[in-house]
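Colleague: just to be clear, the model below is a prediction. Sequence and coordinates:
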Amino acid sequence: MIPEGVKLFLDVMVFAFGAAVGSFLNVCIYRMPREKSIITPPSHCGSCKNPIAWFDNIPLLSWLLLRGRCRHCGAPFSFRYWLVELLTAILFLLAWLQFGPSPTASDEGLLRAGDLLPSWHVPIVWLLLGGLIVATFVDLDHYIIPDEISVGGVVVGFVLSCAYPALHGEEFFLLGAWKSLLGILIGSALVLWLALFGELIFKKEAMGFGDVKFLGMIGAFIGWQGALFTLVASSFLGAIVGVLWIALSRERQAVGREASSNDAYYALDSWDLRDEMDTHAMRSSIPYGPFLAAGAIVWIFASRQVLDFCSVLFGLNQ
Ligand SMILES: [Zn+2]
């Protein structure tokens, strides 16, 4: 048994670690699509170019303490930076609670070092979650998913499936490799077919090749069943949000026509980074990557419930 106090301490540490990783993901989200190094230069204010000191760069806390502004010039930092840190921290903690060391790992009530060591499952899920978060926000901003995430993720997911076949519930490395390969091939093929089908129906490009590579990457980690679920869940979610989006953008266009200046129109878009506003205002379609990421996250945390639900739905119990 892990004592309650130690368990709570570890949970807090994992949450803080997740927030710190989220801070790094913010850097990736901003720099990757701009083909800039994610290592150098260190964080600096985009407005006055002053470097951000470590005490102003504490995940979650600094944004609140400085009220989302640069200490030197007072330029606003997007609320989204804070949100990505919080989202990463929460997902990392959930992965830790679900896949981390179980409280009943050892018998005699003694704390052993082995109880505190998570299996490889946790860091691999963290890695996948990080990739999903970066892809989501880059896709929202630029309508692309960086190849570093999608193609890189296919390679990393495959290698990790060989090294740690338990990720796919297997013990032998070849079976892990096989399930990962099936996930990659079936995942990409499914999106490719859906994209062709969508083009046939809507007479315009419904999905990009980035989404094909992205679901391949997801399949590399969670196998073909996971990829299939991700696609089905994401298209339901996408359909719901799409309908809302169209309704809202009609309303926004009406507001935009009524307003005499552009300011009121842009004010509605304050969620987005300032330099992305112009491209956003002109777009009417919505990126598909975030829906794929959301579907994959549901599978990561609730695959058993999903499978139970499917077996009840299709009467596969007996
Ligand atoms: Zn500044």
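Modeller: That came through, no problem.
Colleague: measure G18 to Y288 for me?
Modeller: Noted for G18: a distance of 26 Å to Y288, by CB to CB, to the nearest Å. For every residue, glycine as well, the C-beta is placed using N, CA and C.
Colleague: I misspoke; the intended subject was A189.
Modeller: Computed as CB to CB, the A189 to Y288 distance reads 16 Å.
Colleague: count the residues that sit near the residue in the stretch 101-250 of the chain that the ion sits nearest to.
Modeller: Scanning the stretch 101-250 of the chain for proximity to the ion using CB to the ion identifies D141 as nearest, at 21.1 Å. With neighbours defined by other CB atoms under 10 Å, the count for D141 comes to 19.
Colleague: repeat for R31
Modeller: 15.
Colleague: contacts only, for it.
Modeller: S37, I38 (CB atoms under 8 Å, 6 or more residues apart in numbering).
Colleague: what about it, distance to the ion?
Modeller: When CB to the ion, to the nearest Å is applied, the distance between R31 and the ion equals 18 Å.
Colleague: after the one helix or strand that residue maps to, next one along is what?
Modeller: Element membership for R31 (DSSP states H and E) is helix 4-31. Note on helix 4-31: by DSSP H and E, the next helix or strand toward the C-terminus is helix 61-65.
Colleague: list the buried residues of that following helix.
Modeller: Burial within helix 61-65, assessed by neighbour count using 16 or more other CB atoms under 10 Å, is assigned to S62, W63.
Colleague: do the same with stretch 167-175
Modeller: L167, H168, E170.
Colleague: circling back: make sure the residue of the stretch 101-250 of the chain closest to the ion is indeed in a helix.
Modeller: Yes. The assignment for D141, made by DSSP: H, G, I helix; E, B strand; the rest coil, places it in a helix.
Colleague: how much space separates it from G289?
Modeller: D141 is 11 Å from G289, where distance means CB to CB.
Colleague: repeat that for R250.
Modeller: The gap separating R250 from G289 is 24 Å, by CB to CB.
Colleague: swap in L94?
Modeller: L94 sits 21 Å away from G289, going by CB to CB.
Colleague: those two: which is more packed in?
Modeller: Neighbours per residue, other CB under 10 Å: of L94 and G289, the larger number sits with G289, 27 against 17.
Colleague: contacting residues for the closest residue to that one other than its chain neighbours?
Modeller: Nearest residue to G289 in three dimensions, chain neighbours excluded: D139, at 3.4 Å (CB to CB, 6 or more residues apart in numbering). Applying CB under 8 Å, 6+ apart, we find D139 in contact with I145, G210, P287, Y288, G289, P290.
Colleague: among these, who's most crowded?
Modeller: Going by other CB under 10 Å, I145 tops the contacts of D139 with 31 neighbours.
Colleague: by contact count, what packs against the lengthiest helix in the chain?
Modeller: In the chain, assigned by DSSP state H, the helix with the most residues is helix 209-258. Contacting helix 209-258 under the criterion 3 or more CB pairs under 8 Å, 6 or more residues apart in numbering; DSSP states H and E are the following elements: helix 121-142, helix 147-163, helix 173-202, helix 262-267, helix 289-313.
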